[in-house]
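*Asks:* okay, structure incoming, though there's no sequence with it:
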């Protein structure tokens, strides 16, 4: 049995070594297709599933089932709009996301931020 190690790939994704059989072939492909996403885009905030579950719990506790229904409806409309705007490429920079990653400026630290004006 091969030893499995987990490491961070050059693009920031998690890579599991020793998983040659996973994700390829007919057996694993059908199972992965229906897996839950790792992050949920909640009105621009990319939340992990456990944090999204906490948000849903708080909404249901504070606003009840009507509020939870409204939140789910607006989230569905937002998600539909985001997918439509990202699939129609070329139209004035409307596609800001690709494969769950933001395109454009890449700020990695405080030194990459614009400098404050010097006069006061």
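*Replies:* Nice, thanks for sending it over. Treat the numbers as computed from the prediction; the structure is a model and nothing was measured.
*Asks:* only C-alpha atoms from now on, for both contacts and neighbour counts.
*Replies:* OK.
*Asks:* buried sites along the helix ranked longest in the chain?
*Replies:* Using DSSP state H, we find that the single longest helix of the chain is helix 49-87. Buried residues in helix 49-87, counted by 16 or more other Cα atoms under 10 Å: 52, 59, 60, 68, 71, 78, 79, 82, 85, 86.
*Asks:* gap between residue 48 and residue 40?
*Replies:* For residue 48, the distance to residue 40 (Cα to Cα, to the nearest Å) stands at 6 Å.
*Asks:* neighbour-wise, which of those two wins?
*Replies:* Neighbours were counted for residue 48 and for residue 40 using other Cα atoms under 10 Å; residue 40 has more, 17 against 14.
*Asks:* lowest average confidence across helices and strands of the protein, where is it?
*Replies:* helix 25-33 (a mean of 50; mean pLDDT, DSSP states H and E).
*Asks:* give me the contacts around the helix or strand immediately after it in the chain.
*Replies:* Under the assignment DSSP states H and E, the closest C-terminal helix or strand after helix 25-33 is strand 39-42. With contact meaning Cα atoms under 8 Å, 6 or more residues apart in numbering, strand 39-42 is reached by 46, 47, 48, 49, 52, 75, 79.
*Asks:* closest one of these to residue 111?
*Replies:* Checking those against residue 111 by Cα to Cα gives residue 46 as the nearest, at 24.5 Å.
*Asks:* any idea which element the closest one lies in?
*Replies:* Secondary structure from DSSP H and E places residue 46 in strand 45-48.
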